[in-house]
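Asks: structure, please.
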Amino acid sequence: FILDKRYLKNDKTFGYEFNALQGPALLCWNNQTFSEQDLLGIKSLGKGNKMSNLNKIGRFGVGFNISYHLTDCPQILSNNDNYIIFDPLCKHFPNLESTNPGCLIKNAKTKLKDTIFSDVYSGFDLNGIELENSSLFRFALRQLDSNISTSIKLENISCLVNEFIKNESKTILLFLKNVKKIGFYEYGQDNILKRNHQINLEVHGDNAINRTNFLVQQSRISDNINFIDEKKFHYKLSINNINSFNSMETSNYLIFDQIGFSMSYVSNDEKNRIIQLEKDKKEKYLPIASLAFSIDNNFATENKKFKLFNYLPLEQKSPFKFHINAYWSLHHENRTHIYEYGLRNEGVKKQEALWCTDWNIFLIDFIVLPLYIDFLNYIKCNYLLNSNCEFKMNQIIDFYPTNEEVNFDKNLKPYFDSMIKRFYRTVCNME
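Replies: Numbering: from 1, shown residues only. Next comes the predicted model:
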(Lines give C-alpha, C1' and ligand atoms only; values in the text may rest on other atoms or scores of the structure.)
Protein backbone atom coordinates (compact mmCIF):
# COMPACT_ATOMS: atom_id res chain seq x y z
CA PHE A 1 0.00 0.00 0.00
CA ILE A 2 1.38 3.39 -0.99
CA LEU A 3 0.06 6.68 0.31
CA ASP A 4 0.68 8.91 -2.71
CA LYS A 5 0.78 12.49 -1.40
CA ARG A 6 1.41 14.08 -4.79
CA TYR A 7 -0.77 16.61 -6.54
CA LEU A 8 -0.39 15.61 -10.18
CA LYS A 9 -0.45 17.83 -13.21
CA ASN A 10 -3.83 18.05 -14.89
CA ASP A 11 -3.09 19.54 -18.31
CA LYS A 12 -3.18 16.19 -20.10
CA THR A 13 -6.08 14.21 -18.69
CA PHE A 14 -9.46 12.99 -19.90
CA GLY A 15 -11.01 16.37 -19.15
CA TYR A 16 -11.79 18.96 -16.49
CA GLU A 17 -14.04 16.68 -14.42
CA PHE A 18 -11.30 14.02 -14.28
CA ASN A 19 -8.88 16.48 -12.67
CA ALA A 20 -10.48 15.94 -9.24
CA LEU A 21 -8.76 12.52 -9.33
CA GLN A 22 -5.27 14.01 -9.70
CA GLY A 23 -4.82 14.70 -5.99
CA PRO A 24 -3.51 12.42 -3.20
CA ALA A 25 -4.40 8.74 -3.48
CA LEU A 26 -4.00 5.38 -1.83
CA LEU A 27 -2.28 2.94 -4.18
CA CYS A 28 -2.30 -0.82 -3.89
CA TRP A 29 0.32 -2.86 -5.77
CA ASN A 30 0.60 -6.61 -6.13
CA ASN A 31 2.70 -8.89 -8.28
CA GLN A 32 -0.22 -10.52 -10.11
CA THR A 33 -1.90 -9.45 -13.33
CA PHE A 34 -5.61 -9.42 -14.07
CA SER A 35 -7.12 -12.31 -16.01
CA GLU A 36 -10.29 -11.93 -18.04
CA GLN A 37 -12.12 -13.72 -15.23
CA ASP A 38 -10.78 -11.21 -12.68
CA LEU A 39 -12.00 -8.32 -14.82
CA LEU A 40 -15.41 -9.97 -15.08
CA GLY A 41 -15.50 -10.50 -11.33
CA ILE A 42 -14.85 -6.82 -10.57
CA LYS A 43 -17.57 -5.82 -13.04
CA SER A 44 -19.99 -8.17 -11.26
CA LEU A 45 -19.63 -6.71 -7.78
CA GLY A 46 -21.44 -8.72 -5.13
CA LYS A 47 -21.30 -11.92 -7.20
CA GLY A 48 -18.04 -13.56 -6.18
CA ASN A 49 -16.28 -15.14 -9.16
CA LYS A 50 -13.74 -16.99 -7.00
CA MET A 51 -16.17 -19.24 -5.17
CA SER A 52 -14.94 -22.27 -7.09
CA ASN A 53 -11.27 -21.38 -6.55
CA LEU A 54 -10.07 -21.95 -3.02
CA ASN A 55 -6.65 -20.51 -3.85
CA LYS A 56 -8.32 -17.08 -3.75
CA ILE A 57 -10.21 -15.52 -0.86
CA GLY A 58 -12.74 -13.56 -2.96
CA ARG A 59 -15.60 -15.75 -1.83
CA PHE A 60 -18.38 -13.16 -1.75
CA GLY A 61 -17.48 -10.61 -4.41
CA VAL A 62 -17.80 -7.64 -2.06
CA GLY A 63 -14.13 -6.90 -1.32
CA PHE A 64 -13.61 -4.41 -4.12
CA ASN A 65 -16.63 -2.41 -2.92
CA ILE A 66 -14.63 -1.13 0.05
CA SER A 67 -12.63 1.05 -2.34
CA TYR A 68 -15.68 3.35 -2.56
CA HIS A 69 -15.13 4.33 1.05
CA LEU A 70 -12.08 6.20 -0.28
CA THR A 71 -12.81 7.18 -3.85
CA ASP A 72 -15.57 7.81 -6.36
CA CYS A 73 -13.48 6.37 -9.19
CA PRO A 74 -11.23 3.35 -8.66
CA GLN A 75 -8.55 3.03 -11.35
CA ILE A 76 -6.43 -0.01 -12.18
CA LEU A 77 -3.40 -0.54 -14.38
CA SER A 78 -2.67 -4.23 -14.93
CA ASN A 79 0.55 -5.44 -16.55
CA ASN A 80 1.15 -1.88 -17.80
CA ASP A 81 -1.37 -2.80 -20.47
CA ASN A 82 -5.00 -2.75 -19.25
CA TYR A 83 -6.24 0.51 -17.76
CA ILE A 84 -9.62 0.24 -16.06
CA ILE A 85 -11.69 3.00 -14.48
CA PHE A 86 -15.01 2.68 -12.65
CA ASP A 87 -17.13 5.80 -12.42
CA PRO A 88 -20.55 4.86 -10.96
CA LEU A 89 -21.58 8.53 -10.80
CA CYS A 90 -20.68 8.95 -14.51
CA LYS A 91 -19.06 12.21 -13.53
CA HIS A 92 -15.29 12.03 -14.04
CA PHE A 93 -14.78 10.02 -17.23
CA PRO A 94 -16.38 11.33 -20.45
CA ASN A 95 -19.34 9.78 -22.25
CA LEU A 96 -20.28 7.11 -19.72
CA GLU A 97 -23.78 5.78 -19.16
CA SER A 98 -25.31 4.54 -15.91
CA THR A 99 -25.83 1.11 -17.45
CA ASN A 100 -22.10 0.82 -18.16
CA PRO A 101 -20.26 3.22 -15.81
CA GLY A 102 -16.69 2.33 -16.61
CA CYS A 103 -14.07 1.96 -19.30
CA LEU A 104 -11.31 -0.47 -20.25
CA ILE A 105 -8.39 0.84 -22.31
CA LYS A 106 -6.08 -1.81 -23.74
CA ASN A 107 -2.47 -1.08 -24.71
CA ALA A 108 -2.60 1.57 -22.02
CA LYS A 109 1.12 2.33 -21.94
CA THR A 110 1.05 3.21 -25.64
CA LYS A 111 -2.21 5.14 -25.50
CA LEU A 112 -1.59 7.06 -22.25
CA LYS A 113 2.12 7.57 -21.67
CA ASP A 114 3.76 10.36 -23.72
CA THR A 115 0.39 11.29 -25.23
CA ILE A 116 -2.30 13.89 -24.57
CA PHE A 117 -3.27 11.74 -21.54
CA SER A 118 0.18 11.48 -19.99
CA ASP A 119 -0.87 13.12 -16.71
CA VAL A 120 -3.31 10.22 -16.15
CA TYR A 121 -0.47 7.74 -16.61
CA SER A 122 1.74 9.68 -14.18
CA GLY A 123 -0.57 8.56 -11.37
CA PHE A 124 0.82 5.06 -11.86
CA ASP A 125 4.39 5.94 -12.82
CA LEU A 126 6.31 5.84 -9.52
CA ASN A 127 10.02 5.34 -8.98
CA GLY A 128 10.64 1.90 -7.50
CA ILE A 129 7.31 0.41 -8.62
CA GLU A 130 7.39 -2.20 -11.38
CA LEU A 131 4.35 -2.03 -13.65
CA GLU A 132 5.09 -5.06 -15.82
CA ASN A 133 3.70 -8.41 -14.58
CA SER A 134 1.84 -6.67 -11.77
CA SER A 135 -1.29 -4.66 -11.01
CA LEU A 136 -1.52 -1.21 -9.45
CA PHE A 137 -4.79 0.12 -8.06
CA ARG A 138 -5.21 3.88 -7.66
CA PHE A 139 -7.87 5.14 -5.26
CA ALA A 140 -7.85 8.95 -5.58
CA LEU A 141 -9.04 10.26 -2.22
CA ARG A 142 -12.48 11.85 -2.37
CA GLN A 143 -11.90 15.59 -1.95
CA LEU A 144 -15.56 16.57 -1.47
CA ASP A 145 -18.62 14.74 -0.18
CA SER A 146 -20.45 12.91 -2.96
CA ASN A 147 -23.53 10.73 -3.42
CA ILE A 148 -21.31 7.74 -2.61
CA SER A 149 -19.68 8.82 0.63
CA THR A 150 -17.91 11.62 2.50
CA SER A 151 -14.54 13.24 1.83
CA ILE A 152 -11.29 11.58 2.90
CA LYS A 153 -8.11 13.29 4.06
CA LEU A 154 -4.53 12.05 4.05
CA GLU A 155 -4.58 12.04 7.84
CA ASN A 156 -7.55 9.65 7.79
CA ILE A 157 -5.56 7.12 5.78
CA SER A 158 -2.53 7.47 8.03
CA CYS A 159 -4.70 6.78 11.08
CA LEU A 160 -6.25 3.72 9.43
CA VAL A 161 -2.82 2.34 8.58
CA ASN A 162 -1.53 2.90 12.11
CA GLU A 163 -4.61 1.19 13.57
CA PHE A 164 -4.16 -1.74 11.22
CA ILE A 165 -0.48 -2.15 12.16
CA LYS A 166 -1.34 -1.95 15.86
CA ASN A 167 -4.24 -4.42 15.83
CA GLU A 168 -3.77 -6.77 12.89
CA SER A 169 -0.14 -6.91 11.82
CA LYS A 170 0.85 -9.91 13.99
CA THR A 171 -1.91 -12.16 12.65
CA ILE A 172 -3.08 -10.86 9.26
CA LEU A 173 -0.95 -13.33 7.24
CA LEU A 174 -1.77 -16.42 9.32
CA PHE A 175 -4.37 -17.94 7.02
CA LEU A 176 -3.95 -16.11 3.72
CA LYS A 177 -2.89 -18.53 1.03
CA ASN A 178 -1.22 -16.32 -1.56
CA VAL A 179 -0.20 -13.14 0.27
CA LYS A 180 3.18 -13.45 1.96
CA LYS A 181 4.16 -9.81 2.33
CA ILE A 182 2.37 -6.53 3.05
CA GLY A 183 4.17 -3.20 2.94
CA PHE A 184 3.13 0.35 3.77
CA TYR A 185 4.87 3.17 1.94
CA GLU A 186 4.65 6.90 1.28
CA TYR A 187 5.41 8.71 -1.97
CA GLY A 188 5.79 12.48 -2.07
CA GLN A 189 6.45 15.31 -4.49
CA ASP A 190 10.17 14.42 -4.24
CA ASN A 191 9.36 11.13 -6.07
CA ILE A 192 11.00 9.03 -3.34
CA LEU A 193 9.35 5.81 -2.17
CA LYS A 194 9.65 5.60 1.62
CA ARG A 195 8.84 2.40 3.53
CA ASN A 196 7.04 2.88 6.85
CA HIS A 197 6.26 -0.71 7.76
CA GLN A 198 6.49 -4.22 6.36
CA ILE A 199 4.87 -7.51 7.37
CA ASN A 200 6.16 -10.78 5.95
CA LEU A 201 5.53 -14.48 6.41
CA GLU A 202 8.37 -16.97 6.93
CA VAL A 203 8.06 -20.76 6.80
CA HIS A 204 11.00 -23.06 6.12
CA GLY A 205 12.03 -26.68 5.60
CA ASP A 206 9.54 -29.40 6.47
CA ASN A 207 7.14 -26.75 7.75
CA ALA A 208 7.06 -25.17 4.28
CA ILE A 209 6.47 -28.59 2.71
CA ASN A 210 3.55 -29.33 5.04
CA ARG A 211 1.99 -25.93 4.41
CA THR A 212 2.35 -26.34 0.65
CA ASN A 213 0.77 -29.80 0.83
CA PHE A 214 -2.20 -28.31 2.65
CA LEU A 215 -2.62 -25.61 0.00
CA VAL A 216 -2.36 -28.17 -2.81
CA GLN A 217 -4.88 -30.50 -1.21
CA GLN A 218 -7.21 -27.59 -0.56
CA SER A 219 -7.14 -26.62 -4.23
CA ARG A 220 -8.14 -30.14 -5.23
CA ILE A 221 -11.19 -30.41 -3.00
CA SER A 222 -14.35 -31.81 -4.48
CA ASP A 223 -17.44 -29.62 -4.25
CA ASN A 224 -19.31 -32.52 -2.61
CA ILE A 225 -18.69 -32.38 1.15
CA ASN A 226 -19.85 -36.00 1.62
CA PHE A 227 -16.84 -37.42 -0.18
CA ILE A 228 -13.95 -35.36 1.17
CA ASP A 229 -11.40 -37.56 2.90
CA GLU A 230 -10.08 -36.22 6.17
CA LYS A 231 -6.59 -34.76 5.79
CA LYS A 232 -4.53 -33.13 8.53
CA PHE A 233 -1.42 -30.95 8.49
CA HIS A 234 0.62 -29.06 11.05
CA TYR A 235 3.61 -26.75 10.81
CA LYS A 236 5.29 -23.72 12.35
CA LEU A 237 5.52 -20.28 10.78
CA SER A 238 6.68 -16.80 11.71
CA ILE A 239 5.29 -13.34 10.99
CA ASN A 240 7.84 -10.52 10.98
CA ASN A 241 6.99 -6.88 11.53
CA ILE A 242 9.69 -4.45 10.36
CA ASN A 243 9.34 -0.74 11.09
CA SER A 244 10.82 2.26 9.30
CA PHE A 245 14.03 1.96 11.37
CA ASN A 246 14.48 -1.70 10.25
CA SER A 247 13.74 -2.92 13.76
CA MET A 248 12.04 -6.33 13.54
CA GLU A 249 9.55 -8.04 15.86
CA THR A 250 8.78 -11.71 15.20
CA SER A 251 5.64 -13.62 16.19
CA ASN A 252 5.80 -17.42 16.02
CA TYR A 253 2.87 -19.80 15.58
CA LEU A 254 2.04 -23.48 15.48
CA ILE A 255 -0.67 -24.16 12.87
CA PHE A 256 -3.04 -27.14 12.63
CA ASP A 257 -5.06 -27.52 9.41
CA GLN A 258 -7.78 -30.00 8.52
CA ILE A 259 -9.76 -30.72 5.36
CA GLY A 260 -12.90 -32.85 5.75
CA PHE A 261 -14.95 -33.75 8.81
CA SER A 262 -13.52 -36.19 11.37
CA MET A 263 -16.12 -38.90 10.88
CA SER A 264 -15.04 -40.74 14.04
CA TYR A 265 -16.65 -37.85 15.96
CA VAL A 266 -19.90 -38.04 13.95
CA SER A 267 -22.96 -40.04 15.01
CA ASN A 268 -25.25 -41.71 12.47
CA ASP A 269 -27.87 -38.98 12.88
CA GLU A 270 -25.23 -36.30 12.40
CA LYS A 271 -23.93 -38.09 9.31
CA ASN A 272 -27.44 -38.03 7.85
CA ARG A 273 -27.63 -34.30 8.60
CA ILE A 274 -24.34 -33.73 6.76
CA ILE A 275 -25.80 -35.51 3.74
CA GLN A 276 -28.88 -33.31 3.95
CA LEU A 277 -26.73 -30.17 4.23
CA GLU A 278 -25.03 -31.16 1.00
CA LYS A 279 -28.37 -31.55 -0.75
CA ASP A 280 -29.74 -28.24 0.51
CA LYS A 281 -26.72 -25.95 0.14
CA LYS A 282 -27.10 -22.94 -2.14
CA GLU A 283 -23.51 -21.66 -1.99
CA LYS A 284 -20.10 -23.29 -2.00
CA TYR A 285 -19.18 -24.32 1.53
CA LEU A 286 -16.31 -26.67 2.24
CA PRO A 287 -15.21 -28.39 5.47
CA ILE A 288 -11.93 -26.62 6.15
CA ALA A 289 -10.57 -25.18 9.39
CA SER A 290 -7.24 -24.16 10.90
CA LEU A 291 -6.05 -23.30 14.40
CA ALA A 292 -3.09 -21.04 15.19
CA PHE A 293 -1.37 -21.24 18.59
CA SER A 294 1.12 -18.58 19.67
CA ILE A 295 4.30 -20.37 20.74
CA ASP A 296 6.29 -17.35 21.88
CA ASN A 297 7.54 -17.43 25.48
CA ASN A 298 6.74 -21.12 25.80
CA PHE A 299 3.10 -20.82 24.65
CA ALA A 300 2.34 -17.90 26.95
CA THR A 301 -1.19 -16.52 26.39
CA GLU A 302 -1.28 -13.60 28.83
CA ASN A 303 -2.16 -10.21 27.32
CA LYS A 304 -2.83 -11.74 23.91
CA LYS A 305 -6.06 -11.38 21.95
CA PHE A 306 -7.32 -14.27 19.88
CA LYS A 307 -9.67 -13.95 16.93
CA LEU A 308 -12.02 -15.74 14.59
CA PHE A 309 -11.05 -15.69 10.93
CA ASN A 310 -12.67 -16.39 7.61
CA TYR A 311 -9.20 -16.26 6.04
CA LEU A 312 -9.29 -12.57 7.01
CA PRO A 313 -10.11 -11.59 10.62
CA LEU A 314 -13.76 -11.24 11.61
CA GLU A 315 -15.01 -8.78 14.20
CA GLN A 316 -15.51 -11.54 16.77
CA LYS A 317 -13.00 -12.78 19.30
CA SER A 318 -12.09 -16.42 19.59
CA PRO A 319 -13.53 -17.84 22.82
CA PHE A 320 -10.33 -19.81 23.37
CA LYS A 321 -6.61 -19.15 23.64
CA PHE A 322 -5.91 -19.65 19.97
CA HIS A 323 -7.01 -18.23 16.62
CA ILE A 324 -9.67 -20.12 14.65
CA ASN A 325 -10.01 -19.93 10.89
CA ALA A 326 -12.86 -21.75 9.12
CA TYR A 327 -15.06 -21.69 6.06
CA TRP A 328 -17.88 -20.19 8.13
CA SER A 329 -21.39 -19.36 7.11
CA LEU A 330 -21.41 -15.61 7.71
CA HIS A 331 -23.97 -12.85 7.97
CA HIS A 332 -24.94 -11.85 4.45
CA GLU A 333 -25.03 -8.12 5.18
CA ASN A 334 -21.41 -7.42 6.07
CA ARG A 335 -19.59 -10.76 6.34
CA THR A 336 -17.91 -9.70 9.59
CA HIS A 337 -19.69 -12.12 11.98
CA ILE A 338 -20.59 -15.77 11.79
CA TYR A 339 -24.28 -16.40 11.20
CA GLU A 340 -26.39 -15.39 14.21
CA TYR A 341 -27.51 -18.50 16.05
CA GLY A 342 -30.68 -16.87 17.39
CA LEU A 343 -32.16 -16.66 13.88
CA ARG A 344 -32.90 -20.41 14.12
CA ASN A 345 -35.92 -19.50 16.21
CA GLU A 346 -37.37 -16.89 13.88
CA GLY A 347 -39.93 -17.56 11.17
CA VAL A 348 -38.27 -15.48 8.46
CA LYS A 349 -35.77 -17.57 6.50
CA LYS A 350 -35.81 -20.20 9.23
CA GLN A 351 -34.66 -22.98 6.89
CA GLU A 352 -31.69 -20.87 5.81
CA ALA A 353 -30.87 -20.17 9.45
CA LEU A 354 -31.02 -23.87 10.34
CA TRP A 355 -28.67 -24.70 7.45
CA CYS A 356 -26.17 -21.95 8.26
CA THR A 357 -26.05 -22.58 12.00
CA ASP A 358 -25.84 -26.37 11.62
CA TRP A 359 -22.97 -25.90 9.18
CA ASN A 360 -21.05 -23.76 11.68
CA ILE A 361 -21.73 -26.23 14.49
CA PHE A 362 -20.37 -29.10 12.39
CA LEU A 363 -17.23 -27.11 11.54
CA ILE A 364 -16.66 -26.57 15.26
CA ASP A 365 -17.54 -30.06 16.51
CA PHE A 366 -16.02 -32.13 13.71
CA ILE A 367 -12.98 -30.11 12.61
CA VAL A 368 -12.09 -27.48 15.22
CA LEU A 369 -12.49 -29.91 18.13
CA PRO A 370 -10.42 -32.71 16.51
CA LEU A 371 -7.69 -30.19 15.71
CA TYR A 372 -7.82 -28.99 19.31
CA ILE A 373 -7.29 -32.57 20.50
CA ASP A 374 -4.45 -32.97 17.98
CA PHE A 375 -2.78 -29.92 19.50
CA LEU A 376 -2.99 -31.37 23.01
CA ASN A 377 -1.51 -34.66 21.83
CA TYR A 378 1.26 -32.73 20.07
CA ILE A 379 2.05 -30.88 23.29
CA LYS A 380 2.02 -34.11 25.24
CA CYS A 381 4.43 -35.89 22.89
CA ASN A 382 6.76 -32.99 22.09
CA TYR A 383 6.82 -31.10 25.39
CA LEU A 384 5.39 -32.91 28.42
CA LEU A 385 7.27 -36.15 27.67
CA ASN A 386 10.42 -34.30 26.72
CA SER A 387 12.75 -34.21 29.72
CA ASN A 388 14.64 -31.27 28.22
CA CYS A 389 11.52 -29.13 27.95
CA GLU A 390 10.32 -26.74 30.64
CA PHE A 391 6.67 -27.02 29.60
CA LYS A 392 4.58 -27.75 32.71
CA MET A 393 1.33 -29.65 33.15
CA ASN A 394 -0.46 -26.55 34.38
CA GLN A 395 0.32 -24.88 31.04
CA ILE A 396 -1.56 -27.52 29.09
CA ILE A 397 -4.47 -27.27 31.55
CA ASP A 398 -4.50 -23.55 30.81
CA PHE A 399 -5.54 -24.41 27.24
CA TYR A 400 -8.57 -26.41 28.39
CA PRO A 401 -11.81 -24.61 27.42
CA THR A 402 -14.24 -23.27 30.01
CA ASN A 403 -17.84 -22.13 29.92
CA GLU A 404 -16.67 -18.76 31.17
CA GLU A 405 -14.68 -18.25 27.98
CA VAL A 406 -17.69 -18.69 25.71
CA ASN A 407 -20.14 -16.70 27.84
CA PHE A 408 -18.78 -13.31 26.76
CA ASP A 409 -20.48 -13.50 23.34
CA LYS A 410 -24.13 -14.56 23.36
CA ASN A 411 -24.01 -15.38 19.64
CA LEU A 412 -20.97 -17.65 19.98
CA LYS A 413 -22.06 -19.38 23.18
CA PRO A 414 -24.57 -21.84 21.62
CA TYR A 415 -22.03 -22.71 18.94
CA PHE A 416 -19.23 -23.60 21.33
CA ASP A 417 -21.23 -25.03 24.26
CA SER A 418 -21.55 -28.34 22.45
CA MET A 419 -17.84 -28.40 21.64
CA ILE A 420 -16.84 -27.94 25.29
CA LYS A 421 -18.98 -30.90 26.35
CA ARG A 422 -17.54 -33.03 23.56
CA PHE A 423 -14.04 -31.89 24.45
CA TYR A 424 -14.18 -33.15 28.04
CA ARG A 425 -15.83 -36.41 27.01
CA THR A 426 -13.01 -36.94 24.52
CA VAL A 427 -10.25 -36.02 26.96
CA CYS A 428 -11.66 -38.37 29.59
CA ASN A 429 -11.34 -41.23 27.11
CA MET A 430 -7.77 -40.35 26.12
CA GLU A 431 -4.88 -42.34 27.50
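Asks: buried residues, stretch 66-80. List them.
Replies: Buried residues in stretch 66-80, counting neighbours by 16 or more other Cβ atoms under 10 Å, are found at 67-68, 70-80. Where C-beta positions appear, they are placed from N, C-alpha and C, glycine not excepted.
Asks: return the member of those residues nearest to Gly342.
Replies: Taking Cβ to Cβ as the measure, Gly342 lies nearest Tyr68 of these, at 31.3 Å.
Asks: nearest residue to the closest one other than its sequence neighbours?
Replies: Excluding the flanking residues, the one nearest Tyr68 by Cβ to Cβ, 6 or more residues apart in numbering is Ile148, at 5.4 Å.
Asks: again with Asn213
Replies: Distance criterion Cβ to Cβ, 6+ apart; nearest residue to Asn213, sequence neighbours excluded, is Phe233 at 6.1 Å.
Asks: OK, contacts around the one you found?
Replies: Residues near Phe233 by Cβ atoms under 8 Å, 6 or more residues apart in numbering: Asn210, Arg211, Asn213, Phe214, Gln217, Ile255, Phe256, Asp257, Gln258.
Asks: ditto for Gln22
Replies: Gln22 touches Tyr7, Leu8, Lys9, Asn10, Thr13, Asp119, Gly123, Ala140, counting by Cβ under 8 Å, 6+ apart.
Asks: please redo it, this time with the cut-off set to 10 Å
Replies: Arg6, Tyr7, Leu8, Lys9, Asn10, Thr13, Asp119, Val120, Ser122, Gly123, Ala140 (Cβ atoms under 10 Å, 6 or more residues apart in numbering).
Asks: assess the claim that the fourth one and Asn19 are in contact.
Replies: Yes: using Cβ atoms under 10 Å, Lys9 makes contact with Asn19 at a distance of 9.5 Å.
Asks: more crowded one of these two?
Replies: Asn19 (16 against 12; other Cβ atoms under 10 Å).
Asks: so the more buried one is in contact with Lys91, correct?
Replies: No: Asn19 lies out of contact with Lys91 (Cβ under 10 Å); the separation is 11.8 Å.
Asks: I'd say Thr250 and Leu201 touch.
Replies: No: contact between Thr250 and Leu201 fails when scored by Cβ under 10 Å: they sit 11.1 Å apart.
Asks: shared neighbours of these two, anything?
Replies: Ser238, Ile239, Asn240.
Asks: read off the pLDDT value for the spatially closest residue to the second one that is not a sequence neighbour.
Replies: The reference is to Ile239. The shortest distance from Ile239 to any non-neighbouring residue, by Cβ to Cβ, 6+ apart, is to Ser251 (4.8 Å). Ser251 is assigned a pLDDT of 96 by the prediction.
Asks: so Ser251 sits in a strand?
Replies: Yes: checked against DSSP: H, G, I helix; E, B strand; the rest coil, Ser251 lies within a strand.
Asks: ok, now how distant is it from Ile295?
Replies: Applying Cβ to Cβ, to the nearest Å, the value for Ser251 to Ile295 is 9 Å.
Asks: the more surrounded of the two?
Replies: Each of Ser251 and Ile295 has its neighbours counted (other Cβ under 10 Å); Ser251 has more, 19 against 14.
Asks: right, and Asn162 touches Asn243 too?
Replies: No: using Cβ under 10 Å, Asn162 makes no contact with Asn243, being 11.6 Å away.
Asks: so where is the stretch 251-400 of the chain shaky, pLDDT-wise?
Replies: For the stretch 251-400 of the chain, the stretches flagged by pLDDT under 70 are 333-334, 347-348, 385-394.
Asks: which residue ranges of it form strands?
Replies: For the stretch 251-400 of the chain, the strands defined by DSSP state E, counting those that start in this stretch cover 288-294, 307-310, 312-317, 323-326.
Asks: who wins for proximity to Asn196 among the ones you listed?
Replies: When these are compared by Cβ to Cβ, strand 312-317 sits nearest Asn196, at 21.3 Å.
Asks: got the buried residues for that closest one?
Replies: Neighbour counts over strand 312-317 (16+ other Cβ under 10 Å) mark Pro313, Leu314, Gln316, Lys317 as buried.
Asks: in JSON lines: those residues, plus distance to Asn360.
Replies: Output for those, formatted as JSON lines (distance: Cβ to Cβ, whole Å):
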{"residue": "Pro313", "distance to Asn360": "17"}
{"residue": "Leu314", "distance to Asn360": "12"}
{"residue": "Gln316", "distance to Asn360": "12"}
{"residue": "Lys317", "distance to Asn360": "16"}
